[in-house]
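**Student:** starting from these lines, generate the structure:
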Amino acid sequence: MSQSTNNLASYIWSLADLLRGDFRQSQYGRIILPFTLLRRLECVLEANKPAVLEELARVEKQDMSEDVKEKFLLRASRLSFYNTSKMSLATLGANGIKDNLESYIQSFSKDAREIFEHFKFSEFISQLNDANLLFKAVQQVKSHDLRPDVVSNHDMGLVFEELIRRFAEGSNDTAGEHFTPRDIVDLTTSLVFMEDDDALTKEGIIRTIYDPTAGTGGFLSAGMEYVLKLNPAAVMRAFGQELNPESYAICKADMLIKGQDVTNIKLGNTLSQDQLQNERFDYMLSNPPFGVDWKKIEKEIKDENALRGHEGRFGPGLPRVSDGSLLFLMHLLSKLRDTDKGGGRIGIILNGSPLFTGGAGSGESEIRRYILESDLLEAIVALPTDMFYNTGISTYVWILSNKKDRARKGKVQLINGTDLYSKMRKSLGSKRKWMDETDIATITRCFGAFEPVEAQSLDKPVDEKSNRGRQSAAPKTEAPKTFAAKVFDFHEFGYRRLTIERPLRESYQFSNERIETLRFAPKPLFAVMQWIYQTYGSDWNEDGPEYGVLDDHADLIRVHIKAEFSELKEAHIKDALDPKTWRAQLKIMQTARALQARIGTAQHDDMNGFARQLKVAGVGMDTPTKAQITAAVS
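**Tutor:** Okay, here's the model as predicted:
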């Protein structure tokens, strides 16, 4: 952002000084943003306002429907919106300003009027009026000179971004939910459009651009600007859908200002309610939310997957409910223009999860498999961390296309741009780094060259470490910043999970050593009973009444258990000291000895015959006893 646009954003946001005390900080943006849009629309309409009023006087004398009247008025305004009020922000007056302002807003054409409805602006107009601040606010807003010849569409977009960021931070929201940083937008846009020579050179060429997570329209604006800057004679048509009403309102206003058909900008959940269902596009740009679950729309998604399969959007598979990033990717793939009509290209920003989450055969893995085997993936660019307003995690730009150049067929390019950044003087939320034009050009040229690049050092300063806190006596030497790229065959990313099954190989042997272990109860008593027997029970007579009686040593045993077997609970200690426990185990051991006398002490390597041997031996035992003996001798 230039100093002039930054100053303009600060000047507009200074309206917050008037609101302070009467409104919460989280409400400032809900007042400042629609007021800014209102002033911008007014400035854009100013030149053709007389022609609109003249046409209004003419059509009102004729008997025609509202739709027909609107078409005549739109033609008179030479834009995709108009306002039929004779008033302006400068002439609303102090008396009756609330009614006058509401009437002024209602005089906009339908699409423009809808913007303020989604902001719920009328509610805030009433609150401002009740606080005796409405006239003062209007007076301040009307002083902003937002005419297109003073503030270009590009600069106005930057001002919008800054206002939204301040709004998001002030409402404890995340700016990243509303818009994508301009440097990331520029990089993704340049990668997606760079190979379309026709769009960048031929006169009158028509291209469509689509963003299913439009936010405030940053990607749509940048895509159109990129093409029109290089080829002013090209025709760009923007399409988008956005879930957040306020972001939708800003996006729609921006498209209105740019002369786009705003009926192509939709409000709603793209995944569950695709409102551009039958459309296909030349270019698609998207920054879907990272790691957001889709539990609310789980039924709709699973129904489409089950009923429509590959005829729908989600045929390749479904990711886990906790992360819907790959759903947006599959949605975009379904929107690619058919190859016989020129094909399409996608640029989507994702976190690391879609790269590796899910083992072979999982929904995520099957989606990746479909993309690779369909030869749709052109490149993945690894971005630096701390590039977004709401997160510092690692992020990646995926470039996909169904019109790959011949050299790219069956290939995938990986570009490591994690060190291509400069530190920001002042952080914006979690965004501490940014890419300048040189960094973007480095990645773009590498993508265009489509050749491996060995790790090469970058002329970038080493990140300064904080000098606060305890410092290491031998600090680590920072590794130099590098840039590299590799090209792989698509099948090199493929893995299969093989389950190797084999029969359980067990032997059994009624040896004295194995049978002796039955003297002690299983875990958690085994170790402590073994110690007690070795210390106090070696002289016990198995046929005598004193077997397992520990009354004379109970206190010493408890002290030792507390010190060496601290994990044992009181109930376990009581069992270890109880003669009944010892005699029950003695009975099990004697049962095993009886089996030994019948079966012998030889080792048998076929466990399948174990049950038959027990039956032939004819020694009776209950199920717990049988299980304990089996575990001991096998």
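**Student:** so Ser430 touches Thr395, yeah?
**Tutor:** No. Taking contacts as CB atoms under 8 Å, Ser430 lies outside contact range of Thr395: 11.4 Å. C-beta here means a position set from N, CA and C on the backbone, and glycine is covered the same way.
**Student:** tell me, what's touching these two both at once?
**Tutor:** Residues touching both Ser430 and Thr395 (CB atoms under 8 Å, 6 or more residues apart in numbering) are Phe388.
**Student:** could you point out which element follows the helix or strand of the chain with the lowest mean pLDDT?
**Tutor:** Every helix and strand of the chain was ranked by mean pLDDT, DSSP states H and E. The lowest is helix 197-201, at a mean of 70. As assigned by DSSP states H and E, the chain's next helix or strand after helix 197-201 is strand 206-211.
**Student:** can you pull the contacts of Gln603?
**Tutor:** By CB under 8 Å, 6+ apart, the contact list for Gln603 reads 507-509.
**Student:** so what's Asn467 scoring on pLDDT?
**Tutor:** In this model, Asn467 is scored at 58, pLDDT.
**Student:** run through the stretch 101-250 of the chain and note the low-pLDDT ranges.
**Tutor:** 154, 161, 165, 168-179, 198-199 (pLDDT under 70).
**Student:** which parts of it are strands?
**Tutor:** For the stretch 101-250 of the chain, applying DSSP state E, counting those that start in this stretch gives strands covering 206-211, 235-242.
**Student:** quick check: Tyr248 touching Gly217?
**Tutor:** No. Applying CB under 8 Å, one finds Tyr248 not in contact with Gly217, separated by 9.2 Å.
**Student:** pull out the buried members of the contacts of Gln603.
**Tutor:** Buried members of the contacts of Gln603, scored by 16 or more other CB atoms under 10 Å, are 508-509.
**Student:** in helices, which of the contacts of Gln603 appear?
**Tutor:** Among these, no member falls in helices (DSSP state H).
**Student:** for Glu454, state which of the contacts of Gln603 is nearest.
**Tutor:** Ser507 (56.8 Å; CB to CB).
**Student:** any idea how far that closest one is from Arg514?
**Tutor:** Distance, Ser507 to Arg514, by CB to CB, to the nearest Å: 11 Å.
**Student:** how about Thr270?
**Tutor:** According to CB to CB, Thr270 stands 66 Å off from Arg514.
**Student:** now the contacts of Gln603 in CSV, with distance to Arg496 and pLDDT?
**Tutor:** Formatted as CSV, these follow (distance: CB to CB, whole Å; pLDDT from 0 to 100):
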residue, distance to Arg496, pLDDT
Ser507, 34, 89
Tyr508, 37, 90
Gln509, 40, 90
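**Student:** which residues sit in contact with the closest residue to Phe565 other than its chain neighbours?
**Tutor:** Spatially, and ignoring its direct neighbours in sequence, Phe565 is nearest to Val528 (5.1 Å; CB to CB, 6 or more residues apart in numbering). Applying CB under 8 Å, 6+ apart, we find Val528 in contact with 561, 565, 568, 572, 576.
**Student:** name the helices or strands packed onto whichever helix or strand Arg75 is part of?
**Tutor:** Counting by DSSP H and E, the element that carries Arg75 is helix 66-77. If contacts are counted by 3 or more CB pairs under 8 Å, 6 or more residues apart in numbering; DSSP states H and E, helix 66-77 sits against helix 49-60.
**Student:** elements contacting the helix it packs on?
**Tutor:** Using 3+ CB pairs under 8 Å, 6+ apart, helix 49-60 sits against helix 66-77.
**Student:** how about the helix it packs on: buried residues?
**Tutor:** Within helix 66-77, the residues scored as buried using 16+ other CB under 10 Å are 69-70, 72-74, 76-77.
**Student:** average model confidence for the top helix by length along the chain?
**Tutor:** Scanning the chain for the helix with the most residues, using DSSP H, yields helix 579-599. Computed over helix 579-599, the mean pLDDT rounds to 90.
**Student:** quick one: contacts for the residue lying farthest from the centre of the chain?
**Tutor:** Using CA atoms, centre = their mean, the residue of the chain lying farthest from its centre is Gly544. It sits 72.5 Å away. Residues in contact with Gly544 (CB under 8 Å, 6+ apart): none are found.
**Student:** may I have the secondary structure class of it?
**Tutor:** On the three-state scheme (DSSP: H, G, I helix; E, B strand; the rest coil), Gly544 is labelled coil.
**Student:** okay, it: pLDDT?
**Tutor:** 86.
**Student:** check Asp539 too.
**Tutor:** Looking at Asp539, the pLDDT reads 85.
**Student:** and it, that one's in a helix?
**Tutor:** No. Counting by three-state DSSP, Asp539 is not found in a helix; it is coil.
**Student:** need the contact list for it.
**Tutor:** Contacts for Asp539 (CB under 8 Å, 6+ apart) come out as none.
**Student:** likewise for Met621?
**Tutor:** Met621 neighbours (CB under 8 Å, 6+ apart): 591, 629.
**Student:** which helix or strand contains it?
**Tutor:** Assigned by DSSP H and E, Met621 falls within no helix or strand.
**Student:** try the one 3 residues further on
**Tutor:** Pro624 belongs to helix 623-633 when elements are defined using DSSP H and E.
**Student:** output that helix as PDB, restricted to C-alpha atoms.
**Tutor:** Provided in PDB are the C-alpha atoms of helix 623-633 (Å, rounded to 0.1, in the frame of the first residue of the first chain):
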ATOM      1  CA  THR A 623     -12.500 -70.700  31.900                       C
ATOM      2  CA  PRO A 624     -10.400 -68.200  33.900                       C
ATOM      3  CA  THR A 625      -8.100 -71.000  35.000                       C
ATOM      4  CA  LYS A 626      -7.800 -72.300  31.400                       C
ATOM      5  CA  ALA A 627      -7.000 -68.800  30.100                       C
ATOM      6  CA  GLN A 628      -4.200 -68.200  32.700                       C
ATOM      7  CA  ILE A 629      -2.600 -71.600  32.100                       C
ATOM      8  CA  THR A 630      -2.700 -71.100  28.300                       C
ATOM      9  CA  ALA A 631      -1.000 -67.700  28.600                       C
ATOM     10  CA  ALA A 632       1.700 -69.200  30.900                       C
ATOM     11  CA  VAL A 633       2.700 -72.300  28.800                       C
END
